[in-house]
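>>> no sequence on this one, just coordinates:
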């Protein structure tokens, strides 16, 4: 490998973890942090620096890191996305890889694991953290397959709202059942429509029921 500097952006809505990761990366030889972000708007501004690698959390408040990863890999395919998150479930790993992530680490990863992963994805490799890889290997060895989760691009809350929509509940009822404000319910439904490219509520109900929701 050449001595070229690897430029990175850190995306996480928790300031303490984000700043800690920025500090760690900034201490590594040949790695330079060119930006940090807590949401899509800040990320859109940060990628004007043309980073080579983006470290992406999966849970960014109301926003999905999976969706941001998909947006990035479509609009800026030259940027490698390395997921670093608390979520170690098989569905999250699969959804991240399908969205285009080139690596997946847990936030409990040791500093040397983070460094190795950053350098690997910058070099065009695919990498899974030790814990994630161990789970994947256990599934292969045992012959087990993951339970398919409908619409993995949705957050758990969005999938929960869609399930209630598929049952025929109106927004007011969904708001009461989930103890959410009506505005939040509307936002979730709008996100679901956008992510699944659905034109209206009727189409959402049909798609959800075909996928097994709303039972």
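Yep, that arrived. Quick caveat: nothing in here was measured; it's all calculated off a predicted structure.
>>> show me what contacts residue 208?
Residues near residue 208 by C-beta atoms under 8 Å, 6 or more residues apart in numbering: 150, 162, 163, 165, 166, 214. C-beta coordinates here come from the backbone N, C-alpha and C atoms, glycine included.
>>> Just those: which are in helices?
Using DSSP state H, the members of those that fall within helices are 162, 163, 165, 166.
>>> Just send those residues back as JSON lines, with neighbour count, pLDDT and distance to residue 23 too.
Listed next are the ones in helices among the contacts of residue 208 as JSON lines, based on neighbours: other C-beta atoms under 10 Å; pLDDT from 0 to 100; distance: C-beta to C-beta, whole Å:
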{"residue": "162", "neighbour count": "28", "pLDDT": "94", "distance to residue 23": "39"}
{"residue": "163", "neighbour count": "19", "pLDDT": "91", "distance to residue 23": "41"}
{"residue": "165", "neighbour count": "22", "pLDDT": "94", "distance to residue 23": "43"}
{"residue": "166", "neighbour count": "20", "pLDDT": "92", "distance to residue 23": "45"}
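>>> Now tabulate the residues you listed in TSV and tack on distance to residue 104.
Output for the ones in helices among the contacts of residue 208, formatted as TSV (distance: C-beta to C-beta, whole Å):
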residue	distance to residue 104
162	25
163	27
165	30
166	30
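>>> Out of the residues you listed, name the two that are farthest from one another.
163 and 165 (7.3 Å; C-beta to C-beta).
>>> Give the residues shared as contacts by these two.
Listed contacts common to residue 163 and residue 165 are 208, 214; contacts here mean C-beta under 8 Å, 6+ apart.
>>> what's the weakest-modelled helix or strand in this protein?
In the chain, no helix or strand scores lower on mean pLDDT, DSSP states H and E than helix 130-142, which sits at a mean of 61.
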